[in-house]
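Enquirer: Just to be clear, the model below is a prediction. Sequence and coordinates:
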Amino acid sequence: MIDHIRGNRLLLTLVGVYTAYVLFGYFTPRPYMSNVVGILALIAGLFMFARYAGKAWDIVWNRVRGEYGAHDAIVGAAEFAGGMIYSGMYRLVWNFFDQPDAWTGTWFSSLGLFMIAKGAYRVALSPTDELPIHRLPKDFFTIMVILFAIMIAYVAGATFGH
């Protein structure tokens with residue numbers, strides 16, 4: 001295992017970045033880390049949107065589509081980027097106005113995350129060159145039912161467990 005980790009710059013970089021985030025986040029007063037994350041999401045979303053929005057426009061508006069549906073990945077990436085832009089801006093504005101409680105738990109506070117989830121879903125289910133027709137993994141529906149049951153149990157426990 002040590003040989004697998006040693007020299008694996010990508011793995012070490014990922015671990016280092018997430019460790020630094022947790023340490024800085026733990027010791028940084030509110031809302032500074034939240035603002036930094038909002039700015040990073042906004043910038044990353046802008047770069048990603050600039051990369052995919054033009055092609056996504058052609059796919060959606062001009063109906064320029066691939067033979068097997070691989071164009072869904074491009075549309076999903078643009079949706080993902082839009083969600084990052086929205087979430088980053090929302091977080092910055094929310095922090096600017098002293099994090100009002102009335103802004104949490106609303107449809108508009110979750111819109112960015114919805115866009116990110118929808119875009120990720122579209123990317124995950126889009127076909128690839130290796131597998132032109134997408135097939136779900138064998139136990140996909142069983143796993144989804146289990147995850148849904150866990151989610152319902154959590155919500156029920158959090159709601160009725162007082």
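Expert: That came through, no problem.

Enquirer: Contact partners for the residue nearest to D72 when sequence neighbours are not counted?
Expert: Spatial nearest neighbour of D72, chain neighbours left out: S126 (3.9 Å); criterion: Cβ to Cβ, 6 or more residues apart in numbering. Bear in mind the C-beta positions are built from the backbone N, C-alpha and C, glycine included. Contact criterion Cβ atoms under 8 Å, 6 or more residues apart in numbering gives 69-73, 76, 134 as the residues in contact with S126.

Enquirer: PyMOL command to pick out the buried ones of the residues you listed?
Expert: Those of these that count as buried under 16 or more other Cβ atoms under 10 Å are selected in PyMOL with:
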select buried, resi 71+72+73+76
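
Enquirer: which residues does F49 contact?
Expert: Shown in contact with F49 (Cβ under 8 Å, 6+ apart): 78, 81-82, 85.

Enquirer: Any chance of JSON lines for these, columns neighbour count, secondary structure and distance to I150?
Expert: Shown next, in JSON lines, are the contacts of F49 (neighbours: other Cβ atoms under 10 Å; DSSP: H, G, I helix; E, B strand; the rest coil; distance: Cβ to Cβ, whole Å):
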{"residue": "A78", "neighbour count": "24", "secondary structure": "helix", "distance to I150": "31"}
{"residue": "A81", "neighbour count": "24", "secondary structure": "helix", "distance to I150": "30"}
{"residue": "G82", "neighbour count": "22", "secondary structure": "helix", "distance to I150": "29"}
{"residue": "I85", "neighbour count": "20", "secondary structure": "helix", "distance to I150": "31"}
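
Enquirer: Longest helix in this structure, please.
Expert: With DSSP state H setting the assignment, residue counts place helix 32-60 as the longest helix in the chain.
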